[in-house]
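Engineer: I would like to see how this sequence folds:
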Amino acid sequence: MTDFTLHTPESAPEGSKPLLENSQRSFGFIPNLHAVMAEAPSTLEAYQLLGGLFSRSTLNAVEQNVVWLTINVEHNCHYCVPAHTGIAHMQGVAEDVINALRDNRPLPDEKLEALRQFTLSTLRNRGVVEDAEVEAFLAAGYTRANILDVVLGLSHKVLSNYINHFADTPVDERFQQFDWAPRETVAAE
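Structural biologist: Predicted coordinates for the structure are as follows:
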């Protein structure tokens, strides 16, 4: 494993200092992921920009959390699953939805399950999704704009999930209560 520094505004490269200060203002602390990303200012800036854009996407907060947690679980991200579990709780996502996502189980809501399945297909097939899967997603009540926003969410999570694998980023204290380890994949019913 590569040893990465958990940067502070004092230790970070010049270009990352204002970005870490922004993290501090936004979260009330500097998430360890941001502290790692600060090594490369353009990476931290891209992550913050993509996160902001995804939060303003055509997907609502619950749907955004479905996309994030689906990708985090599929990528076996030891850091992002607990962090996004905490975020999902803060944003009012139902406990049964959060637990199903963390356990890689079908969701109790048909429309959200269609989103989870479409996200998984997009991820697993690297964007080469069968027409029938796209049509099923649209038939569930989603739009072409939603398709593009799933790709945006995936782009955001690839940055964090891959970096966390390289850096073995320590889970922030406030998210440690949501510790997670990969579970056996459960097929959709």
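Engineer: This structure: helices as residue ranges?
Structural biologist: 17-27, 32-37, 41-55, 61-74, 80-90, 95-102, 110-124, 131-139, 144-167 (DSSP state H).
Engineer: wait, what's in contact with Ala46?
Structural biologist: For Ala46, the contacting residues are Leu159, by Cβ atoms under 8 Å, 6 or more residues apart in numbering. Where C-beta positions appear, they are placed from N, C-alpha and C, glycine not excepted.
Engineer: Distance of it relative to His84?
Structural biologist: Distance from Ala46 to His84, counting by Cβ to Cβ, to the nearest Å: 18 Å.
Engineer: Check Val36 too.
Structural biologist: Val36 is 17 Å from His84, by Cβ to Cβ.
Engineer: who has more neighbours, these two?
Structural biologist: His84 (30 against 24; other Cβ atoms under 10 Å).
Engineer: Can you tell me the number of residues neighbouring the nearest residue to the more buried one once chain neighbours are set aside?
Structural biologist: Closest residue in space to His84, ignoring its immediate chain neighbours: Trp68 at 4.8 Å, by Cβ to Cβ, 6 or more residues apart in numbering. Counted with other Cβ under 10 Å, residues neighbouring Trp68 total 27.
Engineer: got a pLDDT number for the most centrally placed residue in the chain?
Structural biologist: Compute the mean C-alpha point of the chain, and by Cα atoms, centre = their mean the closest residue is Trp68, 3.3 Å away. Per-residue pLDDT puts Trp68 at 98.
Engineer: Do I have it right that it meets Lys157?
Structural biologist: Yes. Assessed by Cβ atoms under 8 Å, Trp68 is found in contact with Lys157 at 6.1 Å.
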